[in-house]
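Asks: Please find the sequence and the predicted model below.
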Amino acid sequence: MPVNLTRNAIAMMNSGDVNSKPLVQVVDIKLIGNSQERYRFLLSDSESTQHAMLATQLNEQVRTGRVKKGSIIQLIDYICSTVQNRRIIVVLNMETIIPEYEIIGNPKLPTGSEPEANKSMPNNNLLEPSTRSTNNRYSAPAPANKAQSFQPTIQPAYQPPPNYKIQGPIMKNEAPARIIPIAALNPYQGRWAIKARVTAKGDLRRYNNARGDGKVFSFDLLDSDGGEIRVTCFNAVVDRFYNVIEVGKVYLISKGSLKPAQKNFNHLKNEWEIFLESNSTVELCPDEDGSIPRQQFSFRPITEIESAENNSLLDVIGIVISVNPSVPILRKNGMETQRRILNLKDASGKSVELTLWGDFCNKEGQKLQEMVDSGLFPVLAVKAGKVNDFNGKSVGTISSTQLFIDPDCPEAQGLRAWFESGGRNTASISISKELMPGGSKNEIRKTLTQIKDEGLGRSDKPDWVTAKATVVFIKTDNFCYTACPLMVGDRQCNKKVTQSGNKRWLCDRCNQEFEECDYRYLLQVQIEDHTGLTWVTAFQEAGEEILGCSAKEMYLLKYELQDDTRFGEIIRSRLFHQYLFRLKIKEELYGDEQRVKITVVKVDKVNYSAESRYLLDMVTKNFPNRKQF
């Protein structure tokens, strides 16, 4: 006999019954929406039909063809809402019983429906403009072969999770909102509640625009199903909830509005964002079963950061291999902050520069420096780091970034095992500091003579090579310059500044004066390998690595304290040290003359264990038929 759909299923759902698990048929599917994709179903119980919206977490079932026109499905979890005086079923969970089947019965459009071509799907001001449908009235044939007998296997009855009893006063005749997964949230729901853990809380920010002054803060939620969403509060709502919300605690939240997430500022994988209002409720829940994770990561290997878009937000994890001291930075608005730079490496064979700003420098940053200085190399997980493509790819902290030192997660354990089993001696290529997109040329090893003989740097684009060489001479005239410490965006200005008559420093670019300037290296260094000599230019970080101290310390020794003896001792102590130099080679115009300029992008001390393996690999590649000793 033919498949038996649940009798009067449409009427039951429209009456508010959400506990039955009806068997219905999909008789039409339409893709609607502009920026946010949504699928609209026309469901049938063989006699009546009803419009339904598919929750976005189920979109993949339509895209992959698991659900199509004619499919027999069982509704496991759903909500029936009224939007603009029309009933809409929102499907939150379902099972495909039969992927393909002939249309059953002679289903009719919902009572009072006008032709689809003359109306649009309901929406509210939180959604994209209505999308019009061009369906005609549907009339389906009876089953082709009544002799066929098929009895589908009905899934076991779904048991919804128990509702959390809301404490406190409840409006008369108003039942508690039903707890649903974060992934099921959508603007078609009239009443909802979510139970989730706060994983991050942003700073309280004040702003001023055409409508006046205001304040805002946001926090991120994670539920037991792995769904994440950001919650934002403005003005009077901030006063209600800012001191209530604590990171790590679990809350029951209801009566908020949903709006499309602003992806420029929101890294969570959710198309919606919750805005709390004056009637919203936020109640602390006991975390008895611990079913909601403390944190959720979506780590990207460092090698993938090379192709990440500028200003994008991502999670990254790596071994901290170096930590620079924290330095004061004067922002363009005149406020001072702290900056600390460290480097991460992972098993992808790449390393990346991570810039810590503000409080991160003195909290996690200081702890990391103490660990590295004591010979420990901790694992650091960065959640919501911001990608920057200035001078190569790097990652920086923002207000919503979170840092986790030696976190208890499988990725951290795997990284630690790799590092201890030989990863600490594995050479890594930095994707930071003026590396070409893709970074492949940075891995090319050249001798100093090859740089000249092969004419590197004379094409339209610079060449990027690595050379192992020894420092043999350092020029001490004009070894550094006075630089602007102000911030332009999220980068320091660094333009050369001059001292005015009032003993203050002036930056022509920023058009501001300030009490203290920064000091940055501009070293001219002669390096030598077994093939020859060449001059290179080393800027700030490379200069610090070569001389072992900051440009400000050297400037004070030479020009303020006039301690030429100590200054000379430092210079001499840095000669005849061997390094791996990452070099950028580019022809530039000096006056009327074209010259090849070699700039040091990065300096690494030679790891002789890794270098021995490199040389052995070179021998193997160049002499594959050599005799074994």
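Replies: Ah, there it is. Since we're looking at a predicted model, the values are computed, not measured.

Asks: looking at it, residue 314 is touching residue 383, isn't it?
Replies: No: using Cβ atoms under 8 Å as the test, residue 314 is too far from residue 383 to be in contact (9.1 Å). (C-beta placed from N, C-alpha, C; glycine too.)

Asks: Those two: which is more packed in?
Replies: Taking other Cβ atoms under 10 Å, residue 314 and residue 383 do not tie; residue 383 has more neighbours (24 against 19).

Asks: What segments of the stretch 151-300 of the chain are helices?
Replies: Ranges of helices in the stretch 151-300 of the chain, per DSSP state H, counting those that start in this stretch, are 236-241.

Asks: what bits of it have low per-residue confidence?
Replies: Low-confidence segments of the stretch 151-300 of the chain, defined by pLDDT under 70: 151-177, 189-190, 264, 288-289.

Asks: swap the cut-off to 90 and go again
Replies: 151-193, 200-214, 224-227, 247-248, 255-272, 278-279, 285-298 (pLDDT under 90).

Asks: tell me the secondary structure for the closest residue to residue 396 other than its chain neighbours?
Replies: Leaving aside its sequence neighbours, residue 396 sits nearest to residue 355 (Cβ to Cβ, 6 or more residues apart in numbering; 4.2 Å). Under DSSP: H, G, I helix; E, B strand; the rest coil, residue 355 falls in the strand class.

Asks: So in terms of bridging, what pairs with residue 355?
Replies: residue 341, residue 396 (DSSP bridges).

Asks: from memory it sits against residue 401, does it?
Replies: No: under the criterion of Cβ under 8 Å, residue 355 makes no contact with residue 401, lying 10.6 Å away.

Asks: How is this protein partitioned into domains?
Replies: Domain assignment for the chain, taken from automatic domain parsing, gives 9-118, 182-285, 302-429, 440-479+522-615.

Asks: Ok, which of those comes nearest residue 512?
Replies: Ranking the domains of the chain by distance to residue 512, with Cβ to Cβ as the measure, places domain 302-429 first at 7.6 Å.

Asks: Start and end of that closest one, how far apart?
Replies: 10 Å (Cα to Cα, to the nearest Å).

Asks: Distance from that domain to the middle of the chain?
Replies: With Cα atoms, centre = their mean, to the nearest Å as the basis, domain 302-429 stands 14 Å off its chain's centre.

Asks: Likewise for stretch 209-221?
Replies: On Cα atoms, centre = their mean, the centre of stretch 209-221 falls 22 Å from the chain's centre.

Asks: CA atoms only: put that stretch into CSV for me.
Replies: Provided in CSV are the C-alpha atoms of stretch 209-221 (Å, rounded to 0.1, in the frame of the first residue of the first chain):
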residue,chain,number,x,y,z
ASN,A,209,27.3,60.0,16.7
ALA,A,210,24.6,62.2,15.2
ARG,A,211,22.1,60.8,17.7
GLY,A,212,24.2,61.7,20.7
ASP,A,213,26.4,59.9,23.2
GLY,A,214,26.0,56.2,23.9
LYS,A,215,27.7,53.1,25.4
VAL,A,216,27.8,49.5,24.2
PHE,A,217,29.3,46.1,25.1
SER,A,218,29.0,42.6,23.7
PHE,A,219,29.5,39.0,25.0
ASP,A,220,29.8,35.6,23.2
LEU,A,221,27.7,32.6,24.0
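
Asks: Longest helix in the protein, please.
Replies: Secondary structure of the chain per DSSP state H: the longest helix is helix 608-622.

Asks: Now do the buried residues in it.
Replies: Within helix 608-622, the residues scored as buried using 16 or more other Cβ atoms under 10 Å are residue 610.

Asks: Could you pull up the residues touching residue 424?
Replies: Counting by Cβ atoms under 8 Å, 6 or more residues apart in numbering, residue 424 touches 319, 377.

Asks: Can I take it that it is in a strand?
Replies: No: Residue 424: not assigned to a strand; according to three-state DSSP it is helix.

Asks: how far away is it from residue 381?
Replies: 19 Å (Cβ to Cβ, to the nearest Å).

Asks: now residue 496
Replies: Distance from residue 496 to residue 381, by Cβ to Cβ: 39 Å.

Asks: Centroid-nearest residue for the protein?
Replies: residue 314 (1.8 Å; Cα atoms, centre = their mean).

Asks: now the domains of the chain in a markdown table, with distance to residue 502?
Replies: A markdown table is the format used below for the domains of the chain (distance: least, Cβ to Cβ, whole Å):
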| stretch | distance to residue 502 |
| --- | --- |
| domain 9-118 | 54 |
| domain 182-285 | 32 |
| domain 302-429 | 17 |
| domain 440-479+522-615 | 19 |
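
Asks: between those domains, which one is nearest to residue 487?
Replies: Of the domains of the chain, nearest to residue 487 by Cβ to Cβ is domain 302-429, at 4.2 Å.

Asks: Contacts only, for the closest residue to residue 349 other than its chain neighbours.
Replies: For residue 349, ignoring the flanking residues on the chain, the nearest one in space by Cβ to Cβ, 6+ apart is residue 428 at 5.8 Å. Neighbouring residues of residue 428 by Cβ under 8 Å, 6+ apart: 321, 345, 349-351.

Asks: repeat that for 10 Å
Replies: Shown in contact with residue 428 (Cβ atoms under 10 Å, 6 or more residues apart in numbering): 302-303, 318-319, 321, 343-352, 604, 610.

Asks: try residue 363
Replies: Under the criterion of Cβ under 10 Å, 6+ apart, the contact list for residue 363 reads 356, 403.

Asks: any idea how far it lies from residue 535?
Replies: 42 Å.

Asks: swap in residue 580?
Replies: Residue 580 is 18 Å from residue 535, by Cβ to Cβ.

Asks: How about residue 274?
Replies: 59 Å.

Asks: quick one, which of those two is more surrounded?
Replies: residue 274 (25 against 12).

Asks: So that one sits against residue 231, correct?
Replies: Yes: between residue 274 and residue 231 there is a contact under Cβ atoms under 10 Å: 4.5 Å.

Asks: Quickly list what's touching both of these two.
Replies: 194, 218-219, 221, 253, 256, 280.

Asks: So which elements touch the longest helix of the chain?
Replies: Helix 608-622 sits against strand 578-590, with contacts defined as 3 or more Cβ pairs under 10 Å, 6 or more residues apart in numbering; DSSP states H and E.

Asks: what lines up beside whichever helix or strand comes after the strand it packs on in the sheet?
Replies: Beyond strand 578-590 in the direction of the C-terminus, DSSP states H and E gives the next helix or strand as strand 593-605. Sheet pairing for strand 593-605, assigned by DSSP bridges, gives strand 532-538 (parallel), strand 578-590 (antiparallel).

Asks: can you redo these as TSV with distance to residue 414?
Replies: As requested, the strands paired with strand 593-605 are exported to TSV (distance: least, Cβ to Cβ, whole Å):
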stretch	distance to residue 414
strand 532-538	36
strand 578-590	27
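
Asks: Those: lowest mean pLDDT?
Replies: If the strands paired with strand 593-605 are sorted by mean pLDDT, strand 578-590 sits at the bottom with a mean of 88.

Asks: what angle sits between that one and helix 608-622?
Replies: On the basis of axes from the mean of the first three to the mean of the last three Cα atoms, to 10 degrees, strand 578-590 is oriented at 70 degrees to helix 608-622.
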